[in-house]
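can you look at this prediction? I've put the sequence above it.
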Amino acid sequence: MNKIFATLIIALASLPLKAQDASTYYNDGVKLKNEQKTNEALLKFRKAIDINPTYTAALYELGWCQNETKDYVGAIKSLQKVRKDWPEVPKLHFELGFAFEKNNQVDSAIKSYNTCLLFKKDYSTALKQLGYINYNKGEYQNALLYFAQYEEASTNPIKDYLYWFRKGYCYNAQNNYEAAKIALAHSLEIKSDYITTYLELGFANTKLKLNDEAIKNFNTARTMEPSNHIPYNGIAEVYRDNIKNYDIAMDWYQKALAVKPDERKACYGMGYCLNSQNHYNEAIPYLLKAIQKESTYTSAYIELGYSNFKIHNYSNAELYYNKAISLNAKSDNAHYYLALLYIEQKEKRKAQMVIDKMKTFNSKNIKGLQEKINNLD
């Protein structure tokens with residue numbers, strides 16, 4: 001009888017010991033996680049789960065660590081097990097959304113982030129990630145709306161240079177260049193050697209016609225990375241579009257082509273400048289290279305059409321203008337020059353058809369073209 005009793009005591013004692021062991025591993029894991037020893041913490045959480053497979057908190061922490069170590073498939077598996085026990089815990093839905101996002105399951109990520117916000121509407125990092133998703137999709141206005149909510153929800157100053165860069169990029173894409181400059185300045189305050197911020201700032205200043213500032217931004221980028229063609233193109237565009245000095249612009253485009261032969265924007269820029277100087281035959285090879293590099297380069301097709309129009313190669317001009325229109329049905333320039341081509345050939349009916357189409361997108365060029373058609377014999 002004493003032997004049986006002793007065996008029973010030993011068996012009962014072993015049950016809480018197992019639970020205690022799982023808890024010990026869990027607590028050790030949390031300590032290591034707080035010390036930013038993620039890999040070591042992950043092993044502790046696994047041991048806790050080996051002892052107690054339904055240890056929800058350990059499964060969550062394991063998923064968190066798997067996200068940190070970029071094992072997103074593993075994180076999804078771990079965190080989905082947690083979801084049934086923690087259906088209303090915001091941080092669980094955030095981590096699951098993050099794992100989905102990094103695993104390119106964007107729709108599932110959006111759903112998880114929105115579930116997180118359902119239970120905590122000011123969960124700042126969920127708002128930020130939704131902003132990033134929209135940024136990556138090119139939906140810049142939506143991204144900016146999420147960024148505004150993220151900033152409102154943040155309790156600490158935002159020290160992420162990439163966040164401010166992306167916000168600035170979105171503003172540039174929305175033609176809000178002054179706001180872009182403010183965001184990009186924040187990015188540079190945090191990280192002063194990120195070349196892409198200088199390029200984006202140069203773009204904003206170019207659009208604002210702050211030519212000296214733009215050139216300074218591009219030169220900074222060029223000094224940082226001399227083999228990068230983009231700063232050379234940026235300086236060239238300042239001279240081409242703002243200063244209208246096509247010779248200096250072409251010098252800079254040639255510098256871009258020296259570091260990246262046949263680069264599409266530099267080839268386009270050369271063609272544009274040569275057209276502007278009435279060197280149409282010289283422009284054509286550059287423009288042909290531009291469309292070889294990018295078959296959907298609408299502006300290059302328009303310039304090619306213009307070159308051919310000016311050398312009286314009307315069939316090619318018509319072909320290139322129509323190609324541009326096929327790529328962008330509301331291209332004002334393509335329609336305008338096509339109408340001019342038909343007017344030049346006294347094709348009154350065709351020119352009128354082009355103008356009638358331009359009316360559908362409220363072109364600013366309709367009045368002048370209509371007067372030219374009315375004056376045809």
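In hand now; what should we look at?

remind me which residues of the protein are low pLDDT?
Within the chain, the segments meeting pLDDT under 70 span 1-20.

give me the most central residue, it.
Residue closest to the average C-alpha location in the chain (CA atoms, centre = their mean): N136, at 4.4 Å.

now it: how far from D71?
Between N136 and D71 the computed distance is 22 Å (CB to CB, to the nearest Å). C-betas here are computed from N, CA, C, even on glycine.

what do you get for E95?
From E95 to D71 the distance is 13 Å (CB to CB).

more neighbours: which of those two?
Taking neighbours as other CB atoms under 10 Å, E95 and D71 compare with E95 leading, 24 against 18.

what residues are up against the more buried one?
60, 63-64, 67, 75, 79 (CB atoms under 8 Å, 6 or more residues apart in numbering).

and with 7 Å instead?
For E95, the contacting residues are 63-64, 67, 79, by CB atoms under 7 Å, 6 or more residues apart in numbering.

quick check: buried residues in stretch 150-161?
Buried positions in stretch 150-161, judged by neighbour count with 16 or more other CB atoms under 10 Å: 150-151, 153, 158, 161.

ok, stretch 27-39 next?
Neighbour counts using 16+ other CB under 10 Å place 28-30, 32-33, 38 of stretch 27-39 among the buried residues.

filter those down to the ones in helices?
28-30, 32-33, 38 (DSSP state H).

now distance to Y336 too, for those, in JSON lines please.
Formatted as JSON lines, these follow (distance: CB to CB, whole Å):
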{"residue": "D28", "distance to Y336": "72"}
{"residue": "G29", "distance to Y336": "67"}
{"residue": "V30", "distance to Y336": "67"}
{"residue": "L32", "distance to Y336": "67"}
{"residue": "K33", "distance to Y336": "63"}
{"residue": "T38", "distance to Y336": "59"}
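
which two among the residues you listed are spaced furthest apart?
Pairwise distances across those peak at 13.5 Å for D28 and T38 (criterion: CB to CB).

who touches stretch 250-261?
So stretch 250-261 is contacted by 227, 229, 232-233, 235-236, 239, 263, 266, 269-270, 273 (CB under 7 Å, 6+ apart).

report the distance from it to the chain centre.
Stretch 250-261 sits 26 Å away from the centroid of its parent chain (CA atoms, centre = their mean, to the nearest Å).

for it, which positions count as buried?
Neighbour-count burial for stretch 250-261 flags 250, 252-253, 255-257, 259-260 (criterion: 16+ other CB under 10 Å).

quick one: secondary structure of F361?
Secondary structure, DSSP: H, G, I helix; E, B strand; the rest coil: F361 is coil.

can you tell me the closest non-neighbouring residue to it?
Nearest-residue entry for F361: K330, 4.5 Å, with adjacent residues in sequence omitted and distances by CB to CB, 6 or more residues apart in numbering.

T360 is in contact with that neighbour, correct?
No: the criterion here is CB atoms under 7 Å, and K330 misses it with T360 at 8.2 Å.

looking at those two, which is more packed in?
K330 (13 against 9).

quick one: secondary structure of the more buried one?
coil.

what about it? Give its phi and psi, please.
K330 adopts backbone torsions of phi -110, psi 20, taken as degrees, to the nearest 10.

related to what we said a few turns ago, ok, the buried residues of stretch 27-39 vs A324, which is closest?
Distances from A324 to the buried residues of stretch 27-39, taken as CB to CB, are shortest for T38 (52.6 Å).

my guess is that closest one contacts C65. True?
Yes: look at T38 against C65 with CB under 7 Å: they come within range, at 5.3 Å.
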